[in-house]
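S.K.: pasted the sequence and its predicted model underneath.
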Amino acid sequence: MPRYDFTTHRLFVEGSLVQGARIELDSGQANYIRNVLRLPDGAEILAFNGRDGEWRAAVVAAGRKSVALVAKEMVRPQPPRFDLHYLFAPLKHARQDYMIQKAVEMGAGLLRPALTRRTQAERINFARMRANAIEAAEQCGILAIPEIAPAARLDVLLGDWEKDRILVFCDEDAPVRNPIGALRPLAEARDGRPLAVLIGPEGGFDSQERDMLLSMSQVVRLSLGPRILRADTAAVAALTLVQAELGDWREDDLRDH
């Protein structure tokens, strides 16, 4: 993969990126370019849209308050979206913002709110979720924007579960043991099955939900250690473990890319 450019500002755009394409920015992006970054005409920025790779683009004036970008050359091709689903019981406001940003940074390819019996925040602002996902991608050099799937009740999700997708179920009631040991057999099998991680609500899963999960052959029950973690902290811990043992942090996967 080409070396990441840490010095040039990055911006997510909706328009298609091909050589010479002109992308009109919305008012918020235009304000960011002109009044926050204070970039003059001709300045370069990195643009991406989650489909066409990353492009070096030039800032051009489109009017007194309007700004456009003109795509000049591709600097990084579009990578495939990693097939890791992150399922979570919705949280409130800032803590969910943090959790979404970290899930994107950790490589989640799909974000799906899972409504459990003890979910406390069932009103979900999907536009805010997407904005947080884009912000994380802009800041961290990520090109593949995760899909944001509709919310669904946990029992419905489990009833329709994909036959081959492994579900790593982070269970606060699981016996405390080395989580690497729980994941290692799957890593050694190297069967390429797609992955999902499930983090529950602050109040934990109820007994019926736990029984349903443990009855599924695709489920791997995971303890996150001797301390009770907040849901947003548990998300980072679980995704780190899964990426290190089963995902794209492994040495063989890095060589392939």
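M.R.: Cool, got the structure.
S.K.: quick one, strands of the chain?
M.R.: 10-12, 22-24, 44-48, 54-61, 67-76, 84-88, 110-115, 147-148, 152-153, 166-170, 195-199, 219-222 (DSSP state E).
S.K.: could you export those as a markdown table, including mean neighbour count, distance to residue 238 and mean pLDDT?
M.R.: Placement of C-beta: from N, CA and C, glycine included. Below are the strands of the chain laid out as a markdown table (neighbours: other Cβ atoms under 10 Å; distance: least, Cβ to Cβ, whole Å; pLDDT from 0 to 100):
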| stretch | mean neighbour count | distance to residue 238 | mean pLDDT |
| --- | --- | --- | --- |
| strand 10-12 | 19 | 26 | 96 |
| strand 22-24 | 16 | 37 | 94 |
| strand 44-48 | 21 | 27 | 96 |
| strand 54-61 | 20 | 29 | 94 |
| strand 67-76 | 18 | 28 | 96 |
| strand 84-88 | 24 | 9 | 96 |
| strand 110-115 | 21 | 14 | 96 |
| strand 147-148 | 16 | 19 | 96 |
| strand 152-153 | 14 | 20 | 95 |
| strand 166-170 | 24 | 5 | 93 |
| strand 195-199 | 25 | 5 | 95 |
| strand 219-222 | 19 | 7 | 90 |
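S.K.: for residue 159, which of those is the nearest?
M.R.: Counting by Cβ to Cβ, residue 159 lies closest to strand 152-153 out of the strands of the chain; the figure is 9.3 Å.
S.K.: which residues touch that closest one?
M.R.: 112-115 (Cβ atoms under 8 Å, 6 or more residues apart in numbering).
S.K.: likewise for stretch 231-250?
M.R.: By Cβ under 8 Å, 6+ apart, stretch 231-250 touches 82, 84, 86, 88-89, 91, 95-96, 98-99, 102-103, 106-108, 166, 168, 170, 179-180, 183-184, 186-187, 195, 197, 199-202, 222, 224-225, 229, 253-254, 257.
S.K.: at 6 Å instead, please
M.R.: Defining contact as Cβ atoms under 6 Å, 6 or more residues apart in numbering, one finds that stretch 231-250 is touched by 82, 91, 95, 98-99, 102, 106-107, 168, 170, 179, 183, 186-187, 195, 197, 199, 202, 224.
S.K.: list only those of these flagged as buried.
M.R.: When the contacts of stretch 231-250 are checked for burial by 16 or more other Cβ atoms under 10 Å, the buried set is 82, 91, 95, 98-99, 102, 106-107, 168, 170, 179, 183, 186, 195, 197, 199, 202, 224.
S.K.: which of the residues you listed fall in helices?
M.R.: 95, 98-99, 102, 179, 183, 186 (DSSP state H).
S.K.: can you pick out the most distant pair from these?
M.R.: Taking every pair in these and measuring Cβ to Cβ, the maximum separation is 29.5 Å, between 95 and 186.
S.K.: could you report the pLDDT at residue 118?
M.R.: The per-residue pLDDT reported for residue 118 equals 85.
S.K.: excluding its backbone neighbours, what's nearest it?
M.R.: Closest residue to residue 118 apart from its sequence neighbours, by Cβ to Cβ, 6 or more residues apart in numbering: residue 203 at 3.7 Å.
S.K.: give me the number of residues near the nearest residue to residue 202 once chain neighbours are set aside?
M.R.: Nearest non-adjacent residue to residue 202, counting by Cβ to Cβ, 6+ apart: residue 231, 5.9 Å away. When neighbours are counted by other Cβ atoms under 10 Å, residue 231 registers 20.
S.K.: contacts for stretch 13-22, please.
M.R.: 23, 47, 49, 52, 55, 68, 70-71.
S.K.: most widely separated two among these?
M.R.: Between any two of those (Cβ to Cβ), the greatest distance is 16.7 Å, for 52 and 68.
S.K.: closest to residue 162 out of the ones in helices among the buried ones among the contacts of stretch 231-250?
M.R.: Residue 162 lies nearest to residue 186 out of these, by Cβ to Cβ, at 15.7 Å.
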